[in-house]
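Asker: Quick check, what structure comes out for this input:
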Amino acid sequence: MKTSFVKYGRKDDKDLCEITLANSKGTEVKVLNYGATLEKVLLNGENMILSLDTPLDYSKERNYLGGTVGRVCGRIRHGQWGVKHMIVQLPLNEGKNHIHGGKGTDMRVWDFSVFADDNTARVDLTLLDSDFNNGFPGNMKIMASYELDEEDNLRYNITAISDKMTIFNPSNHTYFNLGESAKDLNMQINADYYIPVGKDGLPLEGMESVKNTAFDFTKQKKISEALACDDDQIKGRNGLDHPFILNGMQPAAVLTGKKHRLIVTTDAPALVVYTGNHFDHTGLAKKYGQYDGVTFEAQCPPAYNSDLDEITLVPGEVFERNICWSFE
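Answerer: A predicted model of the protein is given here:
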């Protein structure tokens, strides 16, 4: 196992670096310390995820490709968190709502260290997010790590701790395509329920059964089959953009293409599955069109209102989330 890194630029008085993790099979994983971003997963030279043309492109416009998005990945209605008869107001950066942490952790330069032994290659990335940055209370120390092994398992771990009561619900935002277009892939998700959302992407109310709907992936089916359904939920978001409540069975999800397979395991309670509905061959991601990639955002599902108890951390409480992406 090997690690290496190269400096490719500088931002916010810090070096921008591309870190490479490699195993003896020739698999390479490339990570940027900008946004603790998963940039590439190369199996025999073929990329399994959506990537921009150069590392420097990631800091030119916000695109979420592979980023560690926080403090909260997803939407908060009216940007409000209610706690102890007090309302914390977050910036409204998507209409009347807050999304993806404001100027979030995927837009920051993280510090990092690399490690390798006979069995694994790993990068640990750390970030101190200061009290009330983007409106979030608490000085928060965050660490994200990527670890590759000889069996092409890529483990992602994120931990955090705050000195004040706060909310925290980050996620990795990698778009997977397995070297194809995501709409052509078969997908299976161990979820019996999903959460319907409104046109603003926020929950309408509670969970609904996936049975006899476009959202039933309990047995594998082609993603394009769901996208083609005459379903108001699909049409309202121009594709999949919905939380799936995991039933505890592992793996959480499986993605199968013509040549490769991805197996996702996680300790998160939900996967927000998004099929890249907005891609339209413009901007720095201009080589990608609608449905070319799919995300599995492992996190707590978004809440209907400002009661965010599920993602509330008390001072000194350690947050931890684990994901494993196994490539075959």
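Asker: Count the residues that sit near residue 292.
Answerer: Number of residues near residue 292 (other Cβ atoms under 10 Å) recorded here: 20. In short, each C-beta sits where N, CA and C put it, glycine included.
Asker: Over to residue 184?
Answerer: Neighbour tally, residue 184, other Cβ under 10 Å: 15.
Asker: Looks like it contacts residue 256 (just checking).
Answerer: No: Residue 184 sits out of contact with residue 256 when judged by Cβ atoms under 8 Å, with a separation of 10.4 Å.
Asker: And residue 219, how far from residue 269?
Answerer: 22 Å (Cβ to Cβ, to the nearest Å).
Asker: These two: which is more packed in?
Answerer: residue 269 (14 against 8).
Asker: ranges for the helices of the stretch 201-328 of the chain?
Answerer: Ranges of helices in the stretch 201-328 of the chain, per DSSP state H, counting those that start in this stretch, are 223-227, 232-237.
Asker: Tell me which of those helices sits most buried.
Answerer: Of all the helices of the stretch 201-328 of the chain, helix 223-227 has the most neighbours on average by mean count of other Cβ atoms under 10 Å, namely a mean of 18.
Asker: quick one: contacts of that helix?
Answerer: 182-187, 214-215, 217, 234, 239-240, 275, 291, 294 (Cβ atoms under 8 Å, 6 or more residues apart in numbering).
Asker: what does stretch 76-91 give?
Answerer: Taking contacts as Cβ under 8 Å, 6+ apart, the residues outside stretch 76-91 that touch it are 92, 96-99, 102, 134-137, 165, 167, 202, 302-308, 312.
Asker: What of stretch 95-107?
Answerer: With Cβ under 8 Å, 6+ apart as the contact definition, stretch 95-107 has outside contacts at 35-37, 59, 62, 64, 67-79, 90-93, 127, 129, 134-136, 142, 170, 173, 200, 202.
Asker: Skipping its backbone neighbours, what lies nearest residue 233 in space?
Answerer: Distances taken as Cβ to Cβ, 6 or more residues apart in numbering place residue 196 nearest to residue 233, at 5.4 Å, with adjacent residues excluded.
Asker: now do residue 183
Answerer: Excluding its sequence neighbours, the residue lying closest to residue 183 (Cβ to Cβ, 6+ apart) is residue 291, at 3.9 Å.
Asker: ok, now which ones touch the one you found?
Answerer: Counted by Cβ under 8 Å, 6+ apart, residue 291 has contacts 181-183, 223-224, 227, 239, 275-277, 279.
Asker: As TSV, the residues you listed with pLDDT would be great.
Answerer: Below are the contacts of residue 291 laid out as TSV (pLDDT from 0 to 100):
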residue	pLDDT
181	97
182	97
183	97
223	98
224	98
227	97
239	98
275	98
276	98
277	97
279	97
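Asker: among the residues you listed, which ones are buried?
Answerer: The neighbour-count test (16 or more other Cβ atoms under 10 Å) marks 181-183, 223-224, 227, 239, 275-276, 279 as buried among the contacts of residue 291.
Asker: Next, give me the two most distant ones among the residues you listed.
Answerer: 224 and 279 (15.0 Å; Cβ to Cβ).
Asker: Same question for stretch 167-186: list its buried residues.
Answerer: 167-178, 181-183, 185-186.
Asker: again, but for stretch 129-142
Answerer: 129, 133-138, 140, 142.
Asker: Among those residues, which one lies nearest to residue 115?
Answerer: For the buried residues of stretch 129-142, the nearest to residue 115 is residue 142 (18.4 Å; Cβ to Cβ).
Asker: Can you check the pLDDT for that closest one?
Answerer: If you check residue 142, the pLDDT there is 98.
Asker: go on, the one 5 residues further on?
Answerer: Model confidence at residue 147, given as pLDDT, is 98.
Asker: With the one 10 residues further on instead?
Answerer: Turning to residue 157, the model gives it a pLDDT of 98.
Asker: Just checking: what are the partner strands of the helix or strand encompassing it?
Answerer: Taking DSSP states H and E as the criterion, residue 157 maps to strand 153-162. With DSSP bridges as the test, strand 153-162 is paired with strand 140-149 (antiparallel), strand 319-327 (antiparallel).
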